[in-house]
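Peer 1: Got a predicted structure here, sequence first:
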Amino acid sequence: MYGILIALLSGALMSVQGVFNTQVTKQAGLWVSTGWVQLTALLVCVAAWFFTGRPHVTALMQTEPKYTLLGGVIGAFITVTVIQSMGALGPAKSVMLIVISQLIVAYVIELLGMFGVDKQPLEWRKIIGMAIAIAGVVLFKWEK
């Protein structure tokens, strides 16, 4: 139950953040807005680090495989692409497409056992579920 609630909270926060970031971008520009998001995230993380225990930062250099350290770089591009998609499509359509994309890519990662994730067998019910979700996006986007 905890995982479900956290996932729902994450989705809600991502939607609100996307709207906020899109508004800031209109006034300050794309890369300034993205930089602000990343800087304020860093400040929150440093503050949380002080209050929740302090594992050594040098432990990052022991992380294997090293490519997993690119999460922050990917995060900057996530911020940029969310801002651009919300500006172009609006929050609802943008988030629906983002979630569908996340679902498909996550399932492919599981199917292929990529990035250290345990490989999972193909399940047709999951494929059907994704097809229904995609049909929902088409229905939502459909205009007369």
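Peer 2: Okay, I see it.

Peer 1: In this structure, which helix is the longest?
Peer 2: Using DSSP state H, we find that the single longest helix of the chain is helix 2-28.

Peer 1: can you pull out the strands in this protein?
Peer 2: Taking DSSP state E, the chain contains no strands at all.

Peer 1: low-confidence ranges in this protein?
Peer 2: Within the chain, the ranges that satisfy pLDDT under 70 run 144.

Peer 1: check contacts around the most centrally placed residue in it.
Peer 2: For the chain, the residue sitting closest to the mean C-alpha position, by Cα atoms, centre = their mean, is Ile78 at 6.5 Å. Listed by Cβ atoms under 8 Å, 6 or more residues apart in numbering, the contact set of Ile78 is empty. All C-beta atoms are positioned from the backbone trio N, CA, C, and that covers glycine.

Peer 1: Same question for the longest helix of the chain: list its buried residues.
Peer 2: Of the residues in helix 2-28, 15, 17-19, 21-22, 24-25 count as buried by neighbour count, 16 or more other Cβ atoms under 10 Å.

Peer 1: so what secondary structure elements neighbour it?
Peer 2: Applying 3 or more Cβ pairs under 8 Å, 6 or more residues apart in numbering; DSSP states H and E, we find helix 2-28 packed against helix 30-51, helix 71-89, helix 91-112.
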